[in-house]
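Novice: missing the sequence, but the structure's below:
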């Protein structure tokens, strides 16, 4: 076979091994928006032309849009959620009682007509024909004059009026740090439609999914304002803040800003007359903008240092998780914490340097999990937040803390948080829809910490090298394609040759816990016991009286394979012995030894999420 033919064959064979879901498709959206802002009254008029492509296998008689600002009204689902959840977000509530006898009230419940948020659709046509539409909370249901056929691109023209709510959650006006406009979830956004149907989640302060598309957004607002935004600014010489030689081109006291972005699924911006803009470029060519309020010398120094670390972070992530595919990333002070959007984030800025770098690393890591992959955060919140937190922690320890080499378990704090949850009685299955957790505590620990545990423990199961390869291969196969956790699992299985059905099913869909113990040790044998109902492979390090060490590896039968030897420093110079596999129906395992042991330890790398580790070791 000729060399070119062989290479082609190998490429096609490799692609076939990692084939996408059969019949995979995704919808297409292209937004062009023109926004006229009345910053004095916190309102704006919007006009949108949306080209929508139906790549599904069915004709669509209806479409839906999200109207997120409508959540910020008394009587909304978000309002009732705040009033009835056991531990509401303190940023969104007030204590109208006393410290001793608190009485928590939703801040949304007390908003006046001048303080609420809303998006009111004034007109909506499809290919010039009128549609029938109705608002239902934060969802706009649109009945079409004719169905959109498979493969057809149709054009929606919409005009709407909106009022920016008081700063309550992410979006809003006059944040606690003094930012005038935090414009997130600010436009009527086409709902996501895929093989699982329409995703029509009411906005109750959690997160989202949307189709990938292109954005061309023009903003008209007071000429003294500076804007930080998703996308690439098209006219920096005509607006304030980005070019020292700029001559602000204003009409009726307003400047015009134009931003464009390709292949993103959300667009955000913030504006304030006191914003300053700084920029730096990563080695990989990503221009990182910081847009913030320079309230004092320390704040300026923190933002300058954070910007330099952010550029390093994009290079760090590119090497380990795949190249950042957009030319810019903008970090804007605004909102009420930290929240990721397409090629931009809003974060609160009056933080310590450690806190500022941490939140920037976290939101920037969302450029992979969630924005580059378009993960469905309403369904697989742990796949989004957990994997993002994993990336954040690796980057933070390497770049901010300057650790020469990361520990075998760099996310041990997430494990500890997960153990606390698992033993609290408040744990719910990680497959629960994000909006439906009984407590915010449960959601946070599951999504952010147990999600990290799932990723790190996967490395324990398949080997850290294989996990690193899985992240990069997953990037190549699934960027811009809305993958599911099963798609990640399949890549890990192909890379490692290990079956992972049992692991993802039990760790995601149940609240079962891992609990192993060293039951008995003699000079002739070691007996291990599985005290729980979630079986795992076992690394067992044995130190002998003569000073030698041996690492016993016991695969789990359900894996149908075994991980390769790992290169952690704790295993350096240690003999590795692979034993016969263990299976989940067998509660104990006996391994013979031929030298006198002085110490026995299950999983010295601390990556096995064993909820009770006190009985994981034995010392003579």
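Specialist: Structure's in. What do you need? Please read all numbers here as calculations on a predicted model, not as lab measurements.

Novice: distance of residue 162 from residue 36?
Specialist: The spacing between residue 162 and residue 36, counted by Cβ to Cβ, to the nearest Å, is 11 Å. (Glycine included, C-beta is placed from N, CA and C.)

Novice: what do those two both touch?
Specialist: 44, 46 (Cβ atoms under 8 Å, 6 or more residues apart in numbering).

Novice: so for the two, which residue has more residues nearby?
Specialist: Neighbours were counted for residue 162 and for residue 36 using other Cβ atoms under 10 Å; residue 162 has more, 24 against 15.

Novice: my guess is the more buried one contacts residue 47. True?
Specialist: No: in this structure residue 162 lies outside contact range of residue 47 using Cβ atoms under 8 Å: 11.8 Å.

Novice: spatially nearest residue to residue 354 (excluding sequence neighbours)?
Specialist: Leaving aside its sequence neighbours, residue 354 sits nearest to residue 400 (Cβ to Cβ, 6 or more residues apart in numbering; 7.2 Å).

Novice: do you know the pLDDT at the one you found?
Specialist: Residue 400 carries a pLDDT value of 98.

Novice: that one: what's it in contact with?
Specialist: Neighbouring residues of residue 400 by Cβ under 8 Å, 6+ apart: 309, 354, 357, 358, 361.

Novice: next one: residue 254
Specialist: Going by Cβ under 8 Å, 6+ apart, residue 254 touches 36, 37, 220, 221, 222, 223.

Novice: can you select the buried ones among the residues you listed for me in ChimeraX?
Specialist: Selecting the buried subset of the contacts of residue 254 in ChimeraX, with 16 or more other Cβ atoms under 10 Å as the burial test, is done by:
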select :37,220,221,222,223
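
Novice: any idea what sits nearest residue 575, other than its immediate chain neighbours?
Specialist: Counting by Cβ to Cβ, 6+ apart, the residue nearest residue 575 is residue 550, at 4.9 Å.

Novice: who does the one you found form a beta bridge with?
Specialist: Beta bridges link residue 550 to residue 542, residue 575 when assigned by DSSP bridges.

Novice: and it, what does it touch?
Specialist: 541, 542, 544, 574, 575, 576, 577.

Novice: of those, which pair is most distant in space?
Specialist: Spatial extent of those (Cβ to Cβ) is set by the pair 544 and 576 at 14.8 Å.

Novice: after the helix or strand harbouring residue 601, which helix or strand is next?
Specialist: Take DSSP states H and E as the rule and residue 601 turns out to sit in strand 597-602. Moving toward the C-terminus from strand 597-602, the first helix or strand encountered (DSSP H and E) is strand 617-619.

Novice: doesn't residue 382 fall inside a strand?
Specialist: No: counting by DSSP: H, G, I helix; E, B strand; the rest coil, residue 382 falls outside a strand, being helix.

Novice: now the spatially closest residue to it that is not a sequence neighbour: which helix or strand?
Specialist: The shortest distance from residue 382 to any non-neighbouring residue, by Cβ to Cβ, 6+ apart, is to residue 451 (3.4 Å). In the assignment (DSSP H and E), residue 451 maps to helix 451-462.

Novice: what about the contacts of residue 400, which one has the most neighbours?
Specialist: residue 361 (26 neighbours).

Novice: surely that residue touches residue 392?
Specialist: Yes: if you go by Cβ under 8 Å, residue 361 and residue 392 touch, sitting 4.6 Å apart.

Novice: middle-most residue in this structure, spatially?
Specialist: residue 384 (3.3 Å; Cα atoms, centre = their mean).

Novice: residue contacts, it?
Specialist: 207, 366, 369, 370, 375, 377, 447, 451.

Novice: and the residues you listed, which is closest to residue 558?
Specialist: Using Cβ to Cβ, the contacts of residue 384 come closest to residue 558 at residue 451, 22.2 Å.

Novice: since we're on that closest one, how many residues are nearby?
Specialist: Residue 451 has 27 neighbouring residues, counting by other Cβ under 10 Å.

Novice: surely it and residue 393 touch.
Specialist: No: contact criterion Cβ under 8 Å: residue 451 and residue 393 do not qualify, at 11.7 Å.

Novice: do you know how far the nearest residue to residue 353 once chain neighbours are set aside is from residue 430?
Specialist: Once flanking residues are discounted, residue 353 sits nearest to residue 302: 4.7 Å by Cβ to Cβ, 6+ apart. Using Cβ to Cβ, residue 302 is found at 35 Å from residue 430.

Novice: who has more neighbours out of those two?
Specialist: Comparing residue 302 with residue 430 by other Cβ under 10 Å, the one with more neighbours is residue 430, at 24 against 21.

Novice: the residue nearest to residue 353 is in contact with residue 351, isn't it?
Specialist: Yes: using Cβ under 8 Å, residue 302 makes contact with residue 351 at a distance of 7.2 Å.

Novice: for residue 289, which residues count as its bridge partners?
Specialist: Using DSSP bridges, the bridge partners assigned to residue 289 are residue 279, residue 330.

Novice: what packs against the helix or strand containing residue 357?
Specialist: Assigned by DSSP H and E, residue 357 belongs to helix 353-365. With contacts taken as 3 or more Cβ pairs under 8 Å, 6 or more residues apart in numbering; DSSP states H and E, helix 353-365 sits against helix 297-321, strand 328-333, strand 338-341, strand 344-347, helix 387-395.

Novice: which one of those is the most hemmed in?
Specialist: Most buried of the helices and strands packed on helix 353-365 by mean neighbour count (mean count of other Cβ atoms under 10 Å) is strand 344-347; its value is a mean of 28.

Novice: other SSEs contacting it?
Specialist: Counting by 3+ Cβ pairs under 8 Å, 6+ apart, strand 344-347 packs on strand 328-333, strand 338-341, helix 353-365.

Novice: partner strands of the second one, parallel or antiparallel?
Specialist: It refers to strand 338-341. Applying DSSP bridges, one finds strand 338-341 paired with strand 344-347 (antiparallel).

Novice: centre of the chain to the partner strand, how far?
Specialist: Its chain's average C-alpha position is 13 Å from that of strand 344-347, according to Cα atoms, centre = their mean, to the nearest Å.

Novice: which residue, other than its chain neighbours, is closest to residue 225?
Specialist: Residue 225's closest residue in space is residue 271 (Cβ to Cβ, 6+ apart), at 4.6 Å.

Novice: ok now the helix or strand in which the one you found is found, how far from the chain's centre?
Specialist: Assigned by DSSP H and E, residue 271 belongs to strand 269-272. How far strand 269-272 lies from its chain's middle: 23 Å, per Cα atoms, centre = their mean.

Novice: averaged pLDDT, that strand. What do you get?
Specialist: Strand 269-272 comes out with an average pLDDT of 98.

Novice: now do stretch 464-477
Specialist: For stretch 464-477, the per-residue pLDDT averages 98.

Novice: list the buried ones in it?
Specialist: 464, 465, 466, 467, 469, 470, 471, 473, 474, 475, 477.

Novice: appreciated, that's everything.
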